[in-house]
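Peer 1: My questions concern the predicted model and sequence given below.
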Amino acid sequence: MTQAANTAAPFEAPRGVLTSRVDDKGRLKLPAAVKAYFDSLDEKTLFVTSLDLRVVSIYPIAVWRENEMLLERLAEEIEDAEDLAFLAQDVGIEVKPDAQGRLLIPQQLRKLLGLENQPVYLNSFKGRINVFAKEVYEQLQAKARAQAPERARKLKMRGLK
């Protein structure tokens, strides 16, 4: 048997919008599908940060390493890359989920985004899990719904099935 045959493939990141809560200690309870996704990864370390100070992004460490390499290569936009890398490090931390499937959201980030002891919404995109406060989620939802017909038409013309 080859080594590949002995290694289980990671679960795909879950689809759809999931709900959860950040408790009074700043821990996010991972929905079962998100926990299963993270548990399936070879490396259990996650990087929790925000690139826009609106949405928490939870990156498997391998995905975050890809971002770091990209930021290092962006010589033409070096100031943007350096600032974004600094911000990500400033508000981010490396974490591992605990045995109950909870992970710590950095205190500074919780305060900035209003996530303390609040319900939150999660989705996945490009290998990361996004965490939205209710207000941000509702803003994004309204924008996406308002523009849905035109965007769907354009993307169908480009091959979306």
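Peer 2: Sure, I can see it. Residues are numbered from 1 along each chain as shown.

Peer 1: And the strands in this protein?
Peer 2: In the chain, the strands defined using DSSP state E lie at 18-21, 27-29, 46-49, 56-60, 93-95, 102-104, 119-125, 128-133.

Peer 1: can you redo those strands as TSV with mean neighbour count, distance to residue 142 and mean pLDDT?
Peer 2: Bear in mind the C-beta positions are built from the backbone N, C-alpha and C, glycine included. Listed next are these as TSV, based on neighbours: other C-beta atoms under 10 Å; distance: least, C-beta to C-beta, whole Å; pLDDT from 0 to 100:
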stretch	mean neighbour count	distance to residue 142	mean pLDDT
strand 18-21	15	18	96
strand 27-29	20	24	96
strand 46-49	22	26	97
strand 56-60	24	20	96
strand 93-95	16	31	96
strand 102-104	19	29	95
strand 119-125	17	13	95
strand 128-133	22	13	96
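
Peer 1: Rank the helices and strands of the chain by mean pLDDT and give me the bottom one.
Peer 2: None of the helices or strands of the chain scores lower by mean pLDDT, DSSP states H and E than helix 3-6, at a mean of 42.

Peer 1: Just give me the longest helix of the chain.
Peer 2: Criterion DSSP state H: the longest helix present in the chain is helix 134-157.

Peer 1: Of all the residues in it, which ones are buried?
Peer 2: Across helix 134-157, burial judged by 16 or more other C-beta atoms under 10 Å covers 136, 137, 140.

Peer 1: ok, back up a step: which of the strands of the chain sits closest to residue 79?
Peer 2: Taking C-beta to C-beta, strand 46-49 is the member of those nearest to residue 79, at 19.2 Å.

Peer 1: now the closest one, how far from the chain's geometric center?
Peer 2: With C-alpha atoms, centre = their mean, to the nearest Å as the basis, strand 46-49 stands 8 Å off its chain's centre.

Peer 1: Ok, stretch 23-40 next?
Peer 2: 12 Å.

Peer 1: Run through who's touching it.
Peer 2: Residues from elsewhere that reach stretch 23-40 (C-beta atoms under 8 Å, 6 or more residues apart in numbering): 8-14, 18-22, 44, 46, 60, 97-98, 100-107, 110, 116-117, 120, 122, 124, 129, 131.
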